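**Student:** Have a look; sequence and predicted model below, questions after that.
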Amino acid sequence: MKYEPAHDIHQKVHDVVDKLRLNHVKLDSIACIRSFGSSSRYTIARCHTLNKIMQKALQRKGFYVLEFISERFDKQSEEDKVKIIIHELMHIPKTFGGGFRHHDYVCDRNINAFYKRYKYESQNNTQ
């Protein structure tokens with residue numbers, strides 16, 4: 001596996017967080033990484049966290065890494081890329097404490113509702 005910072009994706013994450021008003025997401029405590037060479041067959045992106053014991057040991061609060069698997073993510077349409085980013089951001093709970101929201105909340109219905117709101121905000125901000 002090879003990893004590199006994904007500044008372009010981080011900019012899009014910033015845009016999504018701003019337009020969806022996801023105020024609990026601390027952008028200075030999120031890293032976006034593009035990975036290459038994953039053996040995972042169907043995964044496009046993953047959300048990683050700094051668990052509680054590591055937070056205690058490092059004396060810091062929550063930190064999340066959004067990993068985007070280049071071979072799959074980069075081929076997606078712009079709409080699907082935004083939906084994938086929304087999906088990964090939805091895993092981050094409002095406490096921003098190192099836990100995850102599960103797929104009972106992070107589901108197509110909710111992702112599509114967030115995406116619809118994102119598109120609406122994108123269109124209204126440009127007019």
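**Tutor:** Yep, that arrived.
**Student:** Mind listing residues that contact the longest helix seen in the chain?
**Tutor:** In the chain, taking DSSP state H as the definition, the longest helix is helix 108-126. For helix 108-126, the external contacting residues (C-beta atoms under 8 Å, 6 or more residues apart in numbering) are Val16, Lys19, Leu20, Glu79, Val82, Lys83, Ile86, His87, Met90. C-beta: built from backbone N, CA, C; applies to glycine.
**Student:** ditto for stretch 52-67
**Tutor:** By C-beta under 8 Å, 6+ apart, stretch 52-67 touches 3, 9, 13, 26, 29-35, 45-50, 85, 88-89, 92, 95-98.
**Student:** All the strands of this structure, in order from the start?
**Tutor:** 2-5, 30-36, 45-49, 64-69 (DSSP state E).
**Student:** Throw those into a markdown table and include mean pLDDT, distance to Lys116 and mean neighbour count, thanks.
**Tutor:** A markdown table is the format used below for the strands of the chain (pLDDT from 0 to 100; distance: least, C-beta to C-beta, whole Å; neighbours: other C-beta atoms under 10 Å):
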| stretch | mean pLDDT | distance to Lys116 | mean neighbour count |
| --- | --- | --- | --- |
| strand 2-5 | 98 | 30 | 11 |
| strand 30-36 | 97 | 23 | 18 |
| strand 45-49 | 96 | 20 | 18 |
| strand 64-69 | 98 | 22 | 21 |
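**Student:** Adding distance to Tyr105, write these out as CSV.
**Tutor:** Shown next, in CSV, are these (distance: least, C-beta to C-beta, whole Å):
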stretch, distance to Tyr105
strand 2-5, 28
strand 30-36, 19
strand 45-49, 13
strand 64-69, 16
